[in-house]
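[1] what's the 3D shape of this:
(2 chains)
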Amino acid sequence: AQRVTQPEKLLSVFKGAPVELKCNYSYSGSPELFWYVQYSRQRLQLLLRHISRESIKGFTADLNKGETSFHLKKPFAQEEDSAMYYCALRTYNNNDMRFGAGTRLTVKP
Amino acid sequence: KAGVTQTPRYLIKTRGQQVTLSCSPISGHRSVSWYQQTPGQGLQFLFEYFSETQRNKGNFPGRFSGRQFSNSRSEMNVSTLELGDSALYLCASSTSFRGNYGYTFGSGTRLTVV
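    Down below sits the predicted model:
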(Lines give C-alpha, C1' and ligand atoms only; values in the text may rest on other atoms or scores of the structure.)
Protein backbone atom coordinates (compact mmCIF):
# COMPACT_ATOMS: atom_id res chain seq x y z
CA ALA A 1 0.00 0.00 0.00
CA GLN A 2 1.11 3.53 -0.66
CA ARG A 3 2.44 5.27 2.41
CA VAL A 4 4.04 8.57 3.33
CA THR A 5 6.37 8.83 6.29
CA GLN A 6 7.53 12.03 7.89
CA PRO A 7 9.91 10.80 10.59
CA GLU A 8 10.11 14.04 12.56
CA LYS A 9 7.04 15.28 14.39
CA LEU A 10 8.89 18.35 15.59
CA LEU A 11 11.81 20.24 14.12
CA SER A 12 13.39 23.34 15.57
CA VAL A 13 16.07 25.49 13.94
CA PHE A 14 17.44 28.98 14.43
CA LYS A 15 16.73 31.80 12.02
CA GLY A 16 19.20 31.78 9.16
CA ALA A 17 20.06 28.11 9.57
CA PRO A 18 19.36 25.57 6.83
CA VAL A 19 16.31 23.39 7.28
CA GLU A 20 15.37 20.02 5.83
CA LEU A 21 12.02 18.35 6.43
CA LYS A 22 12.15 14.69 5.58
CA CYS A 23 9.58 12.77 3.60
CA ASN A 24 9.81 9.14 2.53
CA TYR A 25 7.22 7.28 0.54
CA SER A 26 6.49 3.71 -0.38
CA TYR A 27 5.33 3.17 -3.93
CA SER A 28 6.96 1.25 -6.73
CA GLY A 29 5.64 3.29 -9.64
CA SER A 30 5.86 6.95 -10.59
CA PRO A 31 4.42 9.05 -7.79
CA GLU A 32 3.08 12.56 -7.71
CA LEU A 33 4.41 14.29 -4.63
CA PHE A 34 3.39 17.49 -2.93
CA TRP A 35 4.25 19.57 0.09
CA TYR A 36 1.45 21.36 1.91
CA VAL A 37 1.85 23.90 4.69
CA GLN A 38 -0.45 25.12 7.41
CA TYR A 39 0.45 28.36 9.16
CA SER A 40 -1.07 29.17 12.53
CA ARG A 41 -4.82 29.79 12.21
CA GLN A 42 -4.71 29.43 8.43
CA ARG A 43 -5.92 26.84 5.99
CA LEU A 44 -3.85 24.00 4.71
CA GLN A 45 -2.33 25.21 1.45
CA LEU A 46 -0.22 23.82 -1.34
CA LEU A 47 3.43 24.78 -1.07
CA LEU A 48 4.92 22.99 -4.04
CA ARG A 49 4.60 20.04 -6.43
CA HIS A 50 7.50 17.89 -7.53
CA ILE A 51 6.30 17.89 -11.11
CA SER A 52 6.72 21.63 -11.49
CA ARG A 53 10.26 21.72 -10.03
CA GLU A 54 9.58 25.11 -8.57
CA SER A 55 10.96 27.05 -5.63
CA ILE A 56 8.32 28.62 -3.43
CA LYS A 57 9.22 30.96 -0.56
CA GLY A 58 12.79 29.73 -0.90
CA PHE A 59 11.79 26.08 -0.43
CA THR A 60 12.73 23.36 -2.87
CA ALA A 61 12.12 19.63 -2.91
CA ASP A 62 13.75 17.02 -5.08
CA LEU A 63 12.26 13.67 -5.83
CA ASN A 64 14.78 10.90 -5.28
CA LYS A 65 13.26 7.74 -6.69
CA GLY A 66 16.20 5.61 -5.60
CA GLU A 67 15.74 6.57 -1.98
CA THR A 68 11.97 7.08 -2.36
CA SER A 69 12.29 10.47 -0.73
CA PHE A 70 10.99 13.98 -1.32
CA HIS A 71 12.69 16.09 1.32
CA LEU A 72 11.83 19.78 1.63
CA LYS A 73 14.78 22.14 1.98
CA LYS A 74 15.49 25.79 2.56
CA PRO A 75 18.98 27.18 2.89
CA PHE A 76 18.14 30.00 5.32
CA ALA A 77 15.10 29.56 7.53
CA GLN A 78 12.97 32.55 8.50
CA GLU A 79 10.71 32.95 11.54
CA GLU A 80 7.68 33.15 9.26
CA ASP A 81 8.44 29.62 8.05
CA SER A 82 7.22 28.28 11.40
CA ALA A 83 4.27 26.07 10.52
CA MET A 84 3.03 22.53 10.11
CA TYR A 85 4.31 20.86 6.96
CA TYR A 86 2.69 17.85 5.30
CA CYS A 87 4.10 15.69 2.56
CA ALA A 88 1.50 14.09 0.28
CA LEU A 89 1.58 11.32 -2.31
CA ARG A 90 -0.72 10.55 -5.18
CA THR A 91 -0.29 7.49 -7.38
CA TYR A 92 -1.75 6.53 -10.71
CA ASN A 93 -3.43 3.41 -9.44
CA ASN A 94 -4.92 5.00 -6.37
CA ASN A 95 -6.73 8.22 -6.84
CA ASP A 96 -6.66 9.55 -3.31
CA MET A 97 -3.97 11.81 -1.94
CA ARG A 98 -2.16 10.23 1.02
CA PHE A 99 -0.74 12.59 3.60
CA GLY A 100 2.09 12.09 6.04
CA ALA A 101 1.59 12.79 9.73
CA GLY A 102 3.20 16.19 9.40
CA THR A 103 6.23 17.96 10.85
CA ARG A 104 5.90 21.04 13.01
CA LEU A 105 8.72 23.40 12.17
CA THR A 106 9.69 26.10 14.63
CA VAL A 107 12.19 28.73 13.60
CA LYS A 108 13.66 30.45 16.63
CA PRO A 109 14.97 34.03 16.51
CA LYS B 1 -12.01 34.54 -6.47
CA ALA B 2 -13.79 33.03 -3.48
CA GLY B 3 -12.02 30.14 -1.79
CA VAL B 4 -13.41 26.80 -0.74
CA THR B 5 -16.29 27.39 1.64
CA GLN B 6 -17.33 24.88 4.25
CA THR B 7 -20.42 25.17 6.40
CA PRO B 8 -21.03 25.07 9.24
CA ARG B 9 -17.70 25.91 10.89
CA TYR B 10 -18.59 24.21 14.15
CA LEU B 11 -21.09 21.55 15.05
CA ILE B 12 -21.97 19.71 18.24
CA LYS B 13 -24.03 16.57 17.93
CA THR B 14 -25.12 13.75 20.18
CA ARG B 15 -24.19 10.11 19.69
CA GLY B 16 -26.62 8.37 17.38
CA GLN B 17 -27.59 11.50 15.49
CA GLN B 18 -26.71 12.19 11.90
CA VAL B 19 -25.00 15.22 10.40
CA THR B 20 -24.58 16.80 6.98
CA LEU B 21 -21.62 18.97 6.10
CA SER B 22 -21.44 21.20 3.05
CA CYS B 23 -18.62 22.26 0.78
CA SER B 24 -18.66 24.82 -2.02
CA PRO B 25 -15.56 24.52 -4.19
CA ILE B 26 -13.78 27.29 -6.01
CA SER B 27 -15.70 28.32 -9.10
CA GLY B 28 -14.63 26.14 -12.00
CA HIS B 29 -13.25 23.37 -9.79
CA ARG B 30 -15.04 20.13 -10.56
CA SER B 31 -13.19 17.82 -8.18
CA VAL B 32 -14.03 17.76 -4.48
CA SER B 33 -12.32 15.59 -1.90
CA TRP B 34 -13.09 15.13 1.76
CA TYR B 35 -10.64 14.39 4.56
CA GLN B 36 -11.00 13.69 8.24
CA GLN B 37 -8.30 15.22 10.43
CA THR B 38 -7.66 14.07 13.99
CA PRO B 39 -4.65 14.46 16.28
CA GLY B 40 -4.14 10.71 16.42
CA GLN B 41 -4.69 9.69 12.81
CA GLY B 42 -3.77 12.85 10.94
CA LEU B 43 -5.39 13.47 7.55
CA GLN B 44 -7.40 10.52 6.34
CA PHE B 45 -9.04 10.38 2.93
CA LEU B 46 -12.80 9.94 2.90
CA PHE B 47 -13.89 10.26 -0.74
CA GLU B 48 -13.44 12.18 -3.96
CA TYR B 49 -16.08 13.38 -6.36
CA PHE B 50 -15.71 14.56 -9.92
CA SER B 51 -18.59 15.58 -12.14
CA GLU B 52 -21.16 14.26 -9.65
CA THR B 53 -19.55 10.81 -9.54
CA GLN B 54 -17.71 9.30 -6.63
CA ARG B 55 -14.32 8.37 -8.05
CA ASN B 56 -12.65 6.96 -4.99
CA LYS B 57 -13.48 6.11 -1.40
CA GLY B 58 -11.27 5.69 1.65
CA ASN B 59 -11.47 3.09 4.38
CA PHE B 60 -14.37 4.45 6.34
CA PRO B 61 -17.55 2.64 7.33
CA GLY B 62 -20.73 2.97 5.31
CA ARG B 63 -22.04 5.50 7.83
CA PHE B 64 -19.95 8.02 5.94
CA SER B 65 -21.42 9.02 2.61
CA GLY B 66 -21.32 11.92 0.25
CA ARG B 67 -22.58 13.36 -2.95
CA GLN B 68 -21.84 16.07 -5.44
CA PHE B 69 -24.33 18.27 -7.21
CA SER B 70 -24.31 19.56 -10.76
CA ASN B 71 -22.85 22.88 -9.57
CA SER B 72 -19.95 20.93 -8.03
CA ARG B 73 -21.03 21.67 -4.47
CA SER B 74 -20.64 18.64 -2.28
CA GLU B 75 -22.12 17.32 0.93
CA MET B 76 -21.00 14.59 3.23
CA ASN B 77 -23.24 12.82 5.65
CA VAL B 78 -22.41 10.84 8.73
CA SER B 79 -25.18 8.73 10.21
CA THR B 80 -25.40 7.17 13.65
CA LEU B 81 -22.64 9.36 15.02
CA GLU B 82 -20.05 7.88 17.37
CA LEU B 83 -17.75 9.67 19.78
CA GLY B 84 -14.80 8.74 17.56
CA ASP B 85 -16.27 10.75 14.70
CA SER B 86 -15.26 13.93 16.47
CA ALA B 87 -12.78 15.55 14.12
CA LEU B 88 -12.06 18.38 11.75
CA TYR B 89 -13.57 17.58 8.36
CA LEU B 90 -11.76 19.20 5.48
CA CYS B 91 -12.96 19.68 1.98
CA ALA B 92 -10.55 20.31 -0.89
CA SER B 93 -11.23 21.21 -4.48
CA SER B 94 -9.19 20.95 -7.62
CA THR B 95 -9.54 21.89 -11.25
CA SER B 96 -8.86 18.38 -12.42
CA PHE B 97 -9.75 14.89 -11.51
CA ARG B 98 -6.85 13.50 -9.45
CA GLY B 99 -5.87 16.94 -8.28
CA ASN B 100 -2.73 17.05 -10.38
CA TYR B 101 -2.33 20.73 -9.72
CA GLY B 102 -2.83 20.27 -6.03
CA TYR B 103 -5.77 20.91 -3.80
CA THR B 104 -7.24 24.09 -2.38
CA PHE B 105 -8.55 23.41 1.09
CA GLY B 106 -11.42 24.91 3.03
CA SER B 107 -11.21 25.93 6.67
CA GLY B 108 -13.00 22.81 7.75
CA THR B 109 -15.99 21.90 9.86
CA ARG B 110 -15.16 20.94 13.42
CA LEU B 111 -17.56 18.24 14.54
CA THR B 112 -17.83 17.35 18.19
CA VAL B 113 -19.88 14.32 19.15
CA VAL B 114 -20.99 14.17 22.79
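
[2] can you list the residues of chain A near chain B?
    Proximity of chain A to chain B (CB under 8 Å from any CB of the partner chain) is limited to residues A:32, A:34, A:36, A:43-46, A:49, A:51, A:86, A:90, A:94-102. Heads up, the C-betas are built off the backbone N, CA and C, glycines and all.

[3] among those, the buried ones, what's the ChimeraX command?
    Burial among these is assessed by 16 or more other CB atoms under 10 Å in any protein chain shown; the matching ChimeraX selection reads:
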select /A:32,34,36,43,44,46,49,86,90,95,96,97,98,99,100,101,102
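
[4] quick one: end-to-end distance for stretch B:81-94.
    29 Å (CA to CA, to the nearest Å).

[5] and for stretch A:3-12?
    For stretch A:3-12, by CA to CA, the gap between its terminal residues amounts to 25 Å.

[6] check stretch A:22-38 too.
    16 Å.

[7] same deal with stretch A:11-31?
    End to end - CA to CA - stretch A:11-31 spans 26 Å.

[8] tell me the mean pLDDT for it?
    For stretch A:11-31, mean pLDDT is 93.

[9] report the buried residues of that stretch.
    Going by neighbour count (16+ other CB under 10 Å), the buried part of stretch A:11-31 is A:11, A:13, A:19, A:21-25, A:27, A:31.

[10] and the two most separated of those?
    A:13 and A:27 (29.2 Å; CB to CB).

[11] what is the neighbour count of residue B:16?
    Neighbour count for residue B:16, taken as other CB atoms under 10 Å in any protein chain shown: 10.

[12] and it, how far from residue B:85?
    Here the criterion is CB to CB, to the nearest Å. By it, residue B:16 lies 11 Å from residue B:85.

[13] likewise residue A:75?
    Residue A:75 is 43 Å from residue B:85, by CB to CB.

[14] export the buried residues of stretch A:11-31 to JSON lines and append columns for distance to residue B:7 and secondary structure.
    Output for the buried residues of stretch A:11-31, formatted as JSON lines (distance: CB to CB, whole Å; DSSP: H, G, I helix; E, B strand; the rest coil):
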{"residue": "A:11", "distance to residue B:7": "35", "secondary structure": "strand"}
{"residue": "A:13", "distance to residue B:7": "38", "secondary structure": "strand"}
{"residue": "A:19", "distance to residue B:7": "37", "secondary structure": "strand"}
{"residue": "A:21", "distance to residue B:7": "33", "secondary structure": "strand"}
{"residue": "A:22", "distance to residue B:7": "37", "secondary structure": "coil"}
{"residue": "A:23", "distance to residue B:7": "33", "secondary structure": "coil"}
{"residue": "A:24", "distance to residue B:7": "37", "secondary structure": "strand"}
{"residue": "A:25", "distance to residue B:7": "34", "secondary structure": "strand"}
{"residue": "A:27", "distance to residue B:7": "35", "secondary structure": "coil"}
{"residue": "A:31", "distance to residue B:7": "34", "secondary structure": "coil"}
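
[15] let me know the closest of the residues you listed to chain B.
    residue A:31 (12.2 Å; CB to the nearest CB).

[16] residue A:89 is in contact with that closest one, correct?
    Yes: Residue A:31 is within contact range of residue A:89, at 5.3 Å (criterion: CB atoms under 8 Å).

[17] what residues are shared contacts of those two?
    Residues touching both residue A:31 and residue A:89 (CB atoms under 8 Å, 6 or more residues apart in numbering or on different chains) are A:2, A:25.

[18] what about the lengthiest strand in chain A, distance to the chain center?
    Among the segments of chain A that qualify as a strand by DSSP state E, the longest is strand A:83-91. Put simply, strand A:83-91 sits 5 Å off its chain's centre (CA atoms, centre = their mean, to the nearest Å).
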